[in-house]
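K.L.:
kindly generate the corresponding structure for this input.
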Amino acid sequence: MVTQEQRKRQLAREKFLRQQQRRTAARRKARVRNSVIASVLGVILVGSLALYTSGVMKDDDKANASSETSPSAAPTSKAPDPCEKAAPGKVEKQSWKKEPAMSIDKSAKYTLDLATTCGKIDIALKASAAPHTVNSFDFLANKGFFDHTKCHRLTTNGIYVLQCGDPTGSGSGGPGYTIPDENLKDKSLKSNVYPAGTVAMANTGQAHTGGSQFFLVYQDSQLPPSYTPFGTISESGMKVLKKIAAAGESTGAGDGAPNATVVINKATVTKS
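P.N.:
The predicted model follows:
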């Protein structure tokens with residue numbers, strides 16, 4: 001017999017997957033729209049900047065704001081912000097057509113250090129088990145891709161994760177390339193549970209669609225083993241993560257922008 005709590009978790013998982021699928025569909029629609037506009041106007045439209053210039057996306061943005069969680073959504077009962085002011089600087093718009101060439105040593109140990117406005121989060125990376133993922137993070141961190149980006153999503157009901165790594169802060173951004181799923185049979189994943197302290201790749205709900213977005217698990221979360229687990233958060237990093245989670249999210253419904261202003265001032269990958 002399915003308990004009420006199990007049903008609640010199932011609904012939360014289904015909602016998580018539906019949102020990923022909606023974002024994929026939105027990106028496909030945007031690409032089709034871009035190609036049509038380019039053929040009509042006879043110009044090359046570069047990303048969202050050109051779409052805004054032509055006035056095409058303004059109404060779409062208003063419609064999306066009512067149906068999807070936005071980092072700027074007004075909270076119903078906002079908890080105090082436990083984080084510091086972000087360091088000076090802005091997100092650099094960067095994109096690549098293909099996954100970077102393998103350059104890491106798969107037998108070495110690597111650490112991802114996230115210097116955030118809420119404190120430092122250290123992550124031990126699994127280079128041997130998820131080499132494509134760790135290699136991508138090493139590449140992106142060295143390019144400053146994550147610097148000054150906001151962690152745009154906090155889930156506090158059924159699934160307990162903080163999602164980061166989107167330079168646009170919208171939940172639909174990425175590096176321009178995708179990487180393969182890896183390490184889906186990691187020994188830490190038991191009974192479809194991603195344990196607290198896990199760092200895993202977000203994706204669109206389809207295989208091999210990971211980019212730069214990732215999520216940090218602050219409490220055991222039941223999810224299908226479809227998200228590459230590639231790191232483990234340190235004890236001190238978990239304290240920071242739980243502080244962020246304790247501040248809650250903006251919608252009051254269990255899935256929205258974190259009330260804490262979580263900005264990654266600097267991301268660094270270190271080999272040891």
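
K.L.:
what are the ranges of the strands in the stretch 151-272 of the chain?
P.N.:
Under the criterion DSSP state E, counting those that start in this stretch, the stretch 151-272 of the chain contains strands at 153-157, 159-164, 193-194, 198-201, 214-217, 221-222, 229-233, 255-256, 263-271.

K.L.:
list the neighbouring strands of the fourth one plus their orientation.
P.N.:
Partners of strand 198-201 in the sheet, by DSSP bridges, are strand 214-217 (antiparallel), strand 229-233 (antiparallel).

K.L.:
what's opposite residue 255 in the beta bridge?
P.N.:
Residues in beta-bridge contact with residue 255 (DSSP bridges): residue 155.

K.L.:
residues contacting it?
P.N.:
Neighbouring residues of residue 255 by Cβ atoms under 8 Å, 6 or more residues apart in numbering: 12, 15-16, 19, 69, 153-157, 249. C-beta here means a position set from N, CA and C on the backbone, and glycine is covered the same way.

K.L.:
show me how to select, in PyMOL, the buried members of the residues you listed.
P.N.:
Remark: buried members of the contacts of residue 255, expressed as a PyMOL selection using 16 or more other Cβ atoms under 10 Å:
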select buried, resi 12+15+16+19+69+153+154+155+156+249
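
K.L.:
sorry, back to before: could the strands paired with strand 198-201 be laid out in JSON lines, adding distance to residue 136, mean pLDDT and mean neighbour count?
P.N.:
Converted to JSON lines, the strands paired with strand 198-201 look like this (distance: least, Cβ to Cβ, whole Å; pLDDT from 0 to 100; neighbours: other Cβ atoms under 10 Å):
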{"stretch": "strand 214-217", "distance to residue 136": "10", "mean pLDDT": "98", "mean neighbour count": "26"}
{"stretch": "strand 229-233", "distance to residue 136": "9", "mean pLDDT": "98", "mean neighbour count": "24"}
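
K.L.:
identify whichever of those strands lies nearest to residue 177.
P.N.:
Of all the strands paired with strand 198-201, strand 214-217 sits nearest to residue 177, with 15.1 Å by Cβ to Cβ.

K.L.:
out of the strands paired with strand 198-201, which gets nearest to residue 120?
P.N.:
Proximity to residue 120 (Cβ to Cβ) singles out strand 229-233 among those, at 10.9 Å.

K.L.:
hmm, who's touching the closest one?
P.N.:
112, 121-126, 129-130, 133-134, 137, 182-184, 186, 188-189, 194, 197-201, 214, 216, 241.

K.L.:
among those, name the ones in helices.
P.N.:
133-134, 137, 241 (DSSP state H).

K.L.:
could these be laid out in CSV, adding neighbour count, pLDDT and distance to residue 270?
P.N.:
Converted to CSV, the ones in helices among the contacts of strand 229-233 look like this (neighbours: other Cβ atoms under 10 Å; pLDDT from 0 to 100; distance: Cβ to Cβ, whole Å):
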residue, neighbour count, pLDDT, distance to residue 270
133, 26, 98, 16
134, 24, 98, 12
137, 29, 98, 11
241, 28, 98, 20
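
K.L.:
reformat the residues you listed as CSV; add distance to residue 82.
P.N.:
Output for those, formatted as CSV (distance: Cβ to Cβ, whole Å):
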residue, distance to residue 82
133, 30
134, 30
137, 26
241, 12
